[in-house]
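Trainee: Okay, sequence plus prediction incoming.
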Amino acid sequence: MAKSNRQRRKSAVAKRDRKSRRPALLKEQLPGRNDWLAQPKARRLLGDPSAVTWWRWRQKPEFPKPRVINGRLYFAWGPLADWWASNPDHRAATA
């Protein structure tokens, strides 16, 4: 049996309401200074820069070097946070 327009609208509104009741994405807590982060999480914590910006940052000699484990990049949070804080452009963007 086909649904009437009214029933379709009602179900669409209910679906939309369910989505809006989902908890908001929780802010990630900052990791400890000695924690190692996978590249995607490190990028998110540094403002989720574009792929090109991330590549440019990684080419700088002062940027912390990652560890490669099974082909994936892991960054130590302490040196990464220090690098971020040492650049005045970054401090202004996060303030």
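Mentor: Great, that's in hand. Numbers count the residues shown, from 1 in each chain.

Trainee: can you give me phi and psi for Ala38?
Mentor: With angles defined as degrees, to the nearest 10, Ala38 sits at phi -70, psi 150.

Trainee: Which residues belonging to the biggest strand by length in the chain are considered buried?
Mentor: For the chain, the strand that runs over the most residues, judged by DSSP state E, is strand 72-76. If you call a residue buried by 16 or more other C-beta atoms under 10 Å, then strand 72-76 has these buried ones: 74-76. (C-beta placed from N, C-alpha, C; glycine too.)

Trainee: From those residues, pick the one nearest Gln59.
Mentor: The closest of the buried residues of strand 72-76 to Gln59 turns out to be Phe75 (C-beta to C-beta; 14.9 Å).

Trainee: residues touching the closest one, list them.
Mentor: Neighbour list for Phe75: 36-37, 39, 42, 64, 66-67 [criterion: C-beta atoms under 8 Å, 6 or more residues apart in numbering].

Trainee: Quick check: PyMOL command selecting the buried ones in these.
Mentor: Here is the PyMOL command that selects the buried residues among the contacts of Phe75 (16+ other C-beta under 10 Å):
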select buried, resi 37+42+64+66
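
Trainee: Can you give me the neighbour number for Asp35?
Mentor: Neighbours of Asp35 under the rule other C-beta atoms under 10 Å: 13.

Trainee: Run through the residues that contact the residue nearest to it when sequence neighbours are not counted.
Mentor: Distances taken as C-beta to C-beta, 6 or more residues apart in numbering put Trp77 closest to Asp35, at 4.9 Å, once the chain neighbours are dropped. For Trp77, the contact set (C-beta under 8 Å, 6+ apart) comprises 30-37, 42, 45.
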